[in-house]
Structure formats: C-alpha cells, structure tokens
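**Student:** just coords:
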C-alpha cells in the first residue's frame, strides 16, 4: 500500500446531492455544506463512481453525513449500498469522485480512515471458541488500544449493549441477537468517530431487532458516534435522522423520513359506511374529494386523525369502520423509484468481510 505524503489529508469540496428528476418535489438539491447546516461533517462524498468492468455499481453519488447523526442508506439488493460502504471503509477504490471520512480522504489517507471507523458486517465475524471478553481483547490488540484503557473500554462497551454479565461466556453459546450486539460493542472498542453498520439486523426476529436499535440509539446519545447504516427494512430506516434512497447506483432522494413522507402526499382516511353511495354524495357536497374502492370510501386530507370526527359527521350515515393511513417509507420508495423495494438481504457480505480482514 502506498504511504501517503506527510500532511496529505485530502478533502471534498461542496458536494451536491445527485437525484433523479423529482418534478414538483419539495426535496430540492442542496450543497453538502447547506445539508450540514454548518455542522462538522463525518462523511462527505462528491460524485462518487465505482465500476466493475461494464457494470456501474455506484453512479456518481454525492451526499454528506453530519457528525453525531444516524444516517441510513435505504435500497434493495444490488442498489449500490454495500459498494458505497466498501469505498468509504477503504475496502474498494473508487473509479472516480472523492470521499472523506472523519476528515480524511479514503484514497490518500486510508490508514487514518480505518483508525477512526468501526464496522459491523452482515455476516458474523466473531471467534466462536473465545469468550466475549477474549474477542474484545483480541480486537484491542489489533487496534492498538492503550493497555491502560482496555479494561475500562471493555466494561464500557459491554455495558452499552447489555452484555456485562455474559463477558466470560463463550460466543458459541450466544443467540444471534447477542452475537450482533457483541459485534457492535467490538466495533466501538477503539472509540471510532464513525460506526458503519451493513444490514445490522438481517435475519433477526422483530424483538431482537428492536433491542439492537435501543443499543444503537443509546451509543449514539452516550458516545456521540456517527452511525451510518445500510438497510432494506423500511421500519429500520425510520430510526434515522436522515436517509438516502439509493436505486441502481443513484441516490434518488435524501432527507429526514418525515420530510420525505410529506413529499409523497396527504393522509388518507378510508370509511366503510352503511350506505357508501349516499355517504360519497354527502361528502362531495361538503367539498371533499372522495374515491370509491372495494375497501370503502377514501378521502385525502392533510391530517387524517384530526379529520375523522368531521368526516363522520359529514357522511350523514352510520360509519362502520374508519382507517387512517399516513404515508410510509414504502410509499416514499414507490414514489421515487416507481416500484416496491425487494425484501432481500444485502450485497455480498462475505466478500466485504474478507476484504476488511485482509486490509486491517
């Protein structure tokens, strides 16, 4: 590996978020500095491209991640999520464009980047024949954690993920969720500036996924670490302060989950009444736009819950059931890509993990 010239840190200029055209969208393109709101940037990417032969896996993406935020990459298998993380974690060189992590260029200062990041792979990379504590001590040696700090750091990260009482147990006795939490603890041991989580809860049951997210949000609050995750789970992306939707190597939208949902449109209220035709006529006379469906009458309003009492009164007939639907990230993905997300696991985790082991 080429040793970078002294003081060569690299940098990224004002990156512009690249999206497909969004006619009438409230999510306008912004520069990276504007997106950061003047805050320090943990990750800054400018027109990043990664090709594998004729395949363009990442097609000129630009985005920034603020220090201390939880940022999600949402997209289906093959969208370019893991390839982008590979570049940011110095596991792959970009074809063109630039990227900085924790203030260091990923091409010219890869070692500096690696010292400042933690990484949790999709597949488990713990030693099953070691205890939780032994796995962490081995990691501390690899990352040259000062000897006088090792015991304190191990105690701290195990406490963060709720595994203090299992520190001397073999990893082979851990459940999948416990092993994942230990991997998160290991990634935090050397106090990284940025924690990368590649599909962190794939294969886990909903209850365990919720516990993992409790751990992630707690460490973000208590340790101040920036969290960058990839996911194809809509409910998981909702935890993020901001997210980027990536599809076919392009970022098609960036923003806070609620901001993106507002772009999609209004809430919908579905009414099932004793006489839908009479109710539709009555609602129409009240100025409501009503759509008749097999499920009932659908009315679009700005605030569904607040509108329910008025709609019931205006219907003029008995209302048997009411259902309020607010735009979800499923709706957002459909809006920006024209299709539903595929519920598949992420991209080539074993290749990513092997690359990391080889470069560490």
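**Tutor:** All right, it came through fine. Given the structure is predicted, the values throughout are model-derived calculations rather than measurements.
**Student:** Got phi/psi on residue 49?
**Tutor:** Residue 49 adopts backbone torsions of phi -130, psi 140, taken as degrees, to the nearest 10.
**Student:** for it, what are its contacts?
**Tutor:** With contact set as CB atoms under 8 Å, 6 or more residues apart in numbering, residue 49 has these partners: 56, 58-60, 94-97. To be clear about C-beta, it is placed using only N, CA and C from the backbone, and glycine gets the same treatment.
**Student:** From residue 319, how far out is it?
**Tutor:** 55 Å (CB to CB, to the nearest Å).
**Student:** Need the mean per-residue confidence for the helix or strand hosting residue 157.
**Tutor:** In the assignment (DSSP states H and E), residue 157 maps to helix 147-160. For helix 147-160, mean pLDDT rounds to 93.
**Student:** distance between that helix and the chain's centre?
**Tutor:** Here helix 147-160 is found 27 Å from its chain centre; the criterion is CA atoms, centre = their mean, to the nearest Å.
**Student:** neighbouring contacts of the longest helix seen in the chain?
**Tutor:** Longest helix in the chain, counting residues (DSSP state H): helix 206-223. Where contact means CB under 8 Å, 6+ apart, the residues beyond helix 206-223 that reach it are 68, 70, 160-162, 175-177, 180-181, 184, 188, 191, 195, 197, 200-201, 204, 225-227, 229, 233, 236, 239.
**Student:** circling back: helices or strands next to the helix holding residue 157 in the packing?
**Tutor:** helix 132-142, helix 176-188, helix 206-223 (3 or more CB pairs under 8 Å, 6 or more residues apart in numbering; DSSP states H and E).
**Student:** Throw the ones you listed into TSV and include mean neighbour count, thanks.
**Tutor:** Converted to TSV, those look like this (neighbours: other CB atoms under 10 Å):
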stretch	mean neighbour count
helix 132-142	18
helix 176-188	22
helix 206-223	16
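**Student:** what about residue 287, how many neighbours?
**Tutor:** Applying other CB atoms under 10 Å, we find 7 residues neighbouring residue 287.
**Student:** ok, it - contacts?
**Tutor:** Counting by CB under 8 Å, 6+ apart, residue 287 has no contacts.
**Student:** go on, residue 171?
**Tutor:** Listed by CB under 8 Å, 6+ apart, the contact partners of residue 171 are 126-132, 135, 179, 182.
**Student:** cool, and residue 150?
**Tutor:** When contacts are counted by CB under 8 Å, 6+ apart, residue 150 touches 137, 140.
**Student:** Roughly how far does it sit from residue 140?
**Tutor:** Taken as CB to CB, the span from residue 150 to residue 140 is 5 Å.
**Student:** Check residue 297 too.
**Tutor:** From residue 297 to residue 140 the distance is 63 Å (CB to CB).
**Student:** Residue 92 now?
**Tutor:** Taken as CB to CB, the span from residue 92 to residue 140 is 27 Å.
**Student:** Okay, strands next: where are they in the chain?
**Tutor:** For the chain, the strands defined by DSSP state E occupy 41-52, 55-66, 70-74, 96-101, 104-105, 117-120, 194-198, 226-231, 242-247, 250-255, 267-273, 290-293, 296-301, 319-325.
**Student:** could I get the ones you listed as a markdown table with mean pLDDT?
**Tutor:** Below are these laid out as a markdown table (pLDDT from 0 to 100):
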| stretch | mean pLDDT |
| --- | --- |
| strand 41-52 | 96 |
| strand 55-66 | 95 |
| strand 70-74 | 94 |
| strand 96-101 | 96 |
| strand 104-105 | 97 |
| strand 117-120 | 92 |
| strand 194-198 | 93 |
| strand 226-231 | 93 |
| strand 242-247 | 94 |
| strand 250-255 | 94 |
| strand 267-273 | 92 |
| strand 290-293 | 89 |
| strand 296-301 | 91 |
| strand 319-325 | 93 |
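**Student:** Among those strands, which comes closest to residue 281?
**Tutor:** Closest to residue 281 of the strands of the chain is strand 290-293 (CB to CB; 8.8 Å).
**Student:** follow-up on the earlier one: a markdown table for the contacts of residue 171, including pLDDT?
**Tutor:** Shown next, in a markdown table, are the contacts of residue 171 (pLDDT from 0 to 100):
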| residue | pLDDT |
| --- | --- |
| 126 | 93 |
| 127 | 95 |
| 128 | 95 |
| 129 | 95 |
| 130 | 96 |
| 131 | 97 |
| 132 | 96 |
| 135 | 96 |
| 179 | 93 |
| 182 | 94 |
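**Student:** Closest one to residue 279 out of those, please.
**Tutor:** For those, the nearest to residue 279 is residue 179 (54.2 Å; CB to CB).
**Student:** any idea how far residue 180 is from the spatially closest residue to that closest one that is not a sequence neighbour?
**Tutor:** Take residue 179 and drop its neighbours on the chain: the residue closest to it by CB to CB, 6 or more residues apart in numbering is residue 124, 5.5 Å away. Plainly put, residue 124 is 8 Å away from residue 180 if you go by CB to CB.
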